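Student: can't give you the sequence, but here's the structure:
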């Protein structure tokens, strides 16, 4: 269900905890699984649970509690825009409007070609670079303007 | 990295760099940069000279260092709560889970000076007898998480963390772990639950982490900036750190300045700096506009109208006297075009979204607050709504396991207290009295 590469990464995470505390690695194991699969299906969550030797519900509880895990399919690029106060004060609504117009989708929607999904995020702790979004939970793009957004979308095409 | 990724921010000569002291070097996050400023010498001295734990704690107490995550609890006192003798593994935890809107200081520590944090944690481990440490990092800042992981590899290879350090019996393993999108995990017991691989729901206290923390073992939890201040304190002495600040607020503080200023960013300055000077360092209010309000320490601290903060100093007592608090030093600046009603709506949504759902007053109350502020913004407000908001807030406050409930109530109570006419106007006219963004 997961590649050898992903399993090796999970094994590395397990070394951070006592041998009898395999559940502790579930946060990173789910992240690694999502990086490979794009999102977390029930089967993937169950597989991660089995690999760690914990009940499937224990893994699902975590996957459903934290915002950055995706329990439904998302596009190749998930763009999560922060709209919290510091970003709002620096016109994140302009960035949101521009993205929605360029991509032709609203929040929690995916473009028909499966390329982009748009999400609204809570504070990402990078407010000095507002307005901002991150891509696939990994890459932070800050000090956004409409022109920068266009350049990023062009790069991802 | 492409051109639109993070540029290094503007710096000012009015700053006093303690936690960010590698800045200015070509690769500030590298081990070499930290060694260039005398890095890891304090750890080596304590471990090799077998300096007594009580002597270290004395210096930390003298320094006046108070928890930089927002609570402001004296760090030296907290350290003295850890049991000295314990038959088993003791843990050390660093809280780099910044999710309080407007807070982004610890990110700069792990991406610009990670080794000073590592040394600070190793010193704490030596002092408290902790064998294993975790730095829990906000999941959203993945690129910075990777910088910290690389720094750990460097420190391990150089013999600053790991087994039998400096040829002694002292061993300390330190690992990076991450959150994945939950504000509540900034609360120390929720964070501990998350390290254990569970939902981030806070635990009842007592027992406190010092007696029952990670995996049920004694655990010391401090904020990133607190640990990072430690090597400087031991190099220069607790008194010297205290002297950087003002009475009751020792040292420097990283202020995260965001919102309507010309140069948002982190500025590390001496405690007690006048607000106006800090605002000036950040370039002043943007576009030549007038200051309307400031949230000085993150939304869980009370908003202050311009008149109340203009004369204040940036330290625990200074902001407390002026009617708010220092919090995590997350200063959100709002200019005259800001609609306080719409701003409160966004903050209320945040607390509603991030309530972990464990305690009924918070789970139900935050949703209630959001829905009432939302209906005001949508022109459906009723005159009784302001009293209703005050009543609901007061009934969340103090009735929950953790401080998120109080944090949700604070903006509602303080926004209405200071900007009541603006809320009344919105209810009466179905629109904002602020003309809105001057485009």
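Tutor: Looks like it came in fine. This is a predicted model, so every value here is computed, not measured.

Student: Now do the same contact list for residue A:41.
Tutor: If a contact means Cβ atoms under 8 Å, 6 or more residues apart in numbering or on different chains, then residue A:41 has no contacts. C-beta here means a position set from N, CA and C on the backbone, and glycine is covered the same way.

Student: gap between it and residue A:76?
Tutor: 17 Å (Cβ to Cβ, to the nearest Å).

Student: and if you look at residue B:86?
Tutor: 50 Å.

Student: what's the answer for residue B:136, then?
Tutor: Separation of residue B:136 from residue A:76 (Cβ to Cβ): 30 Å.

Student: More neighbours: which of those two?
Tutor: Taking neighbours as other Cβ atoms under 10 Å in any protein chain shown, residue B:136 and residue A:76 compare with residue B:136 leading, 25 against 14.

Student: Could you look up the next helix or strand downstream of the one helix or strand that one maps to?
Tutor: Secondary structure from DSSP states H and E places residue B:136 in strand B:132-137. Using DSSP H and E, the next helix or strand after strand B:132-137 towards the C-terminus is helix B:142-157.

Student: Check which helices and strands that following helix is in contact with.
Tutor: When contacts are defined as 3 or more Cβ pairs under 8 Å, 6 or more residues apart in numbering or on different chains; DSSP states H and E, helix B:142-157 packs onto strand A:139-141, helix B:31-36, helix B:105-112, helix B:114-128, strand B:132-137, strand B:173-178.

Student: Can you give me the buried ones in it?
Tutor: B:142, B:144-145, B:147-149, B:151-152, B:154-155 (16 or more other Cβ atoms under 10 Å in any protein chain shown).

Student: Among these, give me the pair with the biggest separation.
Tutor: B:142 and B:155 (20.4 Å; Cβ to Cβ).

Student: Hmm, residue B:431 is touching residue B:377, no?
Tutor: No: using Cβ atoms under 8 Å, residue B:431 is not in contact with residue B:377, being 9.5 Å away.

Student: Which one's more surrounded, these two?
Tutor: Neighbours of residue B:431 and residue B:377, each counted by other Cβ under 10 Å, are more numerous for residue B:377; the result is 18 against 13.

Student: If we ignore the residues flanking it in sequence, what's nearest the more buried one?
Tutor: Closest residue in space to residue B:377, ignoring its immediate chain neighbours: residue B:345 at 5.0 Å, by Cβ to Cβ, 6 or more residues apart in numbering or on different chains.

Student: Let me see the contact set for that neighbour.
Tutor: If you count contacts by Cβ under 8 Å, 6+ apart, then residue B:345 has B:370, B:373-374, B:376-377 around it.

Student: For those residues, pick the one with the most neighbours.
Tutor: residue B:373 (29 neighbours).

Student: Where does the residue in the stretch 51-200 of chain B positioned nearest to chain A fall, secondary structure wise?
Tutor: Using Cβ to the nearest Cβ, residue B:181 is the residue of the stretch 51-200 of chain B that sits closest to chain A, at 3.1 Å. According to DSSP H and E, residue B:181 maps onto no helix or strand at all.

Student: Apart from its neighbours in sequence, what residue is nearest it?
Tutor: Using Cβ to Cβ, 6+ apart, the nearest residue to residue B:181 is residue A:67, at 3.1 Å.

Student: my read: the one you found touches residue B:180, true?
Tutor: Yes: using Cβ under 8 Å, residue A:67 is in contact with residue B:180, at 7.3 Å.

Student: Next, the contact list for whichever residue of chain A sits closest to chain B, please.
Tutor: Nearest residue of chain A to chain B (Cβ to the nearest Cβ) works out as residue A:67 at 3.1 Å. Contacts for residue A:67 (Cβ under 8 Å, 6+ apart) come out as A:121-122, B:180-182.

Student: How is the residue of the stretch 251-400 of chain B found nearest chain A assigned, secondary-structure-wise?
Tutor: Going by Cβ to the nearest Cβ, chain A is nearest to residue B:258 of the stretch 251-400 of chain B, at 3.8 Å. In three-state terms, and counting by DSSP: H, G, I helix; E, B strand; the rest coil, residue B:258 is strand.

Student: who touches it in this structure?
Tutor: A:86, A:89-90, A:127-128, A:130, B:102, B:104, B:264, B:330-333.

Student: circling back to that earlier point, same question for the residue of chain A closest to chain B, what's its three-state structure.
Tutor: coil.

Student: And it, how far from residue B:264?
Tutor: 24 Å.

Student: got it, and residue B:344?
Tutor: 21 Å.

Student: just to revisit the earlier point, closest one to residue A:1 out of the contacts of residue B:258, please.
Tutor: Distances from residue A:1 to the contacts of residue B:258, taken by Cβ to Cβ, are shortest for residue B:104, at 37.0 Å.

Student: I'd assumed residue B:266 was in contact with that closest one.
Tutor: Yes: contact criterion Cβ under 8 Å: residue B:104 and residue B:266 qualify, at 6.8 Å.

Student: more crowded one of these two?
Tutor: Ranked by neighbour count (other Cβ under 10 Å), residue B:104 and residue B:266 place residue B:104 first, with 29 against 25.

Student: residues in contact with the more buried one?
Tutor: Contacts of residue B:104 (Cβ under 8 Å, 6+ apart): A:125-128, B:98, B:256, B:258, B:266, B:330.

Student: can you give me the strands in the chain?
Tutor: Let's take chain A. Remark: strands assigned in chain A by DSSP state E are A:77-82, A:109-110, A:116-121, A:133-135, A:139-141.

Student: Switch to chain B, please.
Tutor: B:91-96, B:132-137, B:173-178, B:219-223, B:252-259, B:265-270, B:273-274, B:291-295, B:304-305, B:313-314, B:330-335.

Student: where does chain B have low pLDDT?
Tutor: For chain B, the stretches with pLDDT under 70 are B:1-9, B:436-439.

Student: got the domain boundaries for it?
Tutor: Domain ranges of chain B: B:31-244, B:252-335, B:340-429, per the TED database.

Student: Could you identify the longest helix within chain B?
Tutor: helix B:404-429 (DSSP state H).

Student: same for that helix, what does it pack against?
Tutor: Using 3+ Cβ pairs under 8 Å, 6+ apart, helix B:404-429 is in contact with strand B:291-295, strand B:304-305, helix B:340-354, helix B:360-377, helix B:385-396.

Student: now do 6 Å
Tutor: In terms of contacts (3 or more Cβ pairs under 6 Å, 6 or more residues apart in numbering or on different chains; DSSP states H and E), helix B:404-429 is packed against helix B:340-354, helix B:360-377, helix B:385-396.

Student: For residue A:63, find the nearest of those helices.
Tutor: Per Cβ to Cβ, nearest to residue A:63 of the helices and strands packed on helix B:404-429: helix B:340-354, 17.3 Å.

Student: Pull out the buried residues from the closest one.
Tutor: Those would be B:340-352, B:354, for helix B:340-354 by 16+ other Cβ under 10 Å.

Student: For chain A, which residues are neighbours of chain B?
Tutor: A:16, A:23-24, A:26-27, A:61, A:65-68, A:84-86, A:88-89, A:123-128, A:138, A:141-142, A:148 (Cβ under 6 Å from any Cβ of the partner chain).

Student: Narrow the residues you listed to those that are buried.
Tutor: Buried, going by 16+ other Cβ under 10 Å: A:16, A:23-24, A:26-27, A:61, A:65-68, A:84-86, A:88-89, A:123-128, A:141-142, A:148, out of these.

Student: Take the residues you listed and keep only those in helices.
Tutor: A:26-27, A:61, A:65, A:85-86, A:88-89, A:148.

Student: Go through the longest helix of chain B and flag the buried ones.
Tutor: B:404-416, B:418-419, B:422-427.

Student: One more: stretch B:228-244?
Tutor: Applying 16+ other Cβ under 10 Å to stretch B:228-244 flags B:228-234, B:236, B:238, B:240-242, B:244 as buried.

Student: Tabulate these (JSON lines), appending distance to residue B:173.
Tutor: Output for the buried residues of stretch B:228-244, formatted as JSON lines (distance: Cβ to Cβ, whole Å):
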{"residue": "B:228", "distance to residue B:173": "19"}
{"residue": "B:229", "distance to residue B:173": "23"}
{"residue": "B:230", "distance to residue B:173": "18"}
{"residue": "B:231", "distance to residue B:173": "19"}
{"residue": "B:232", "distance to residue B:173": "24"}
{"residue": "B:233", "distance to residue B:173": "24"}
{"residue": "B:234", "distance to residue B:173": "21"}
{"residue": "B:236", "distance to residue B:173": "28"}
{"residue": "B:238", "distance to residue B:173": "28"}
{"residue": "B:240", "distance to residue B:173": "31"}
{"residue": "B:241", "distance to residue B:173": "28"}
{"residue": "B:242", "distance to residue B:173": "32"}
{"residue": "B:244", "distance to residue B:173": "32"}
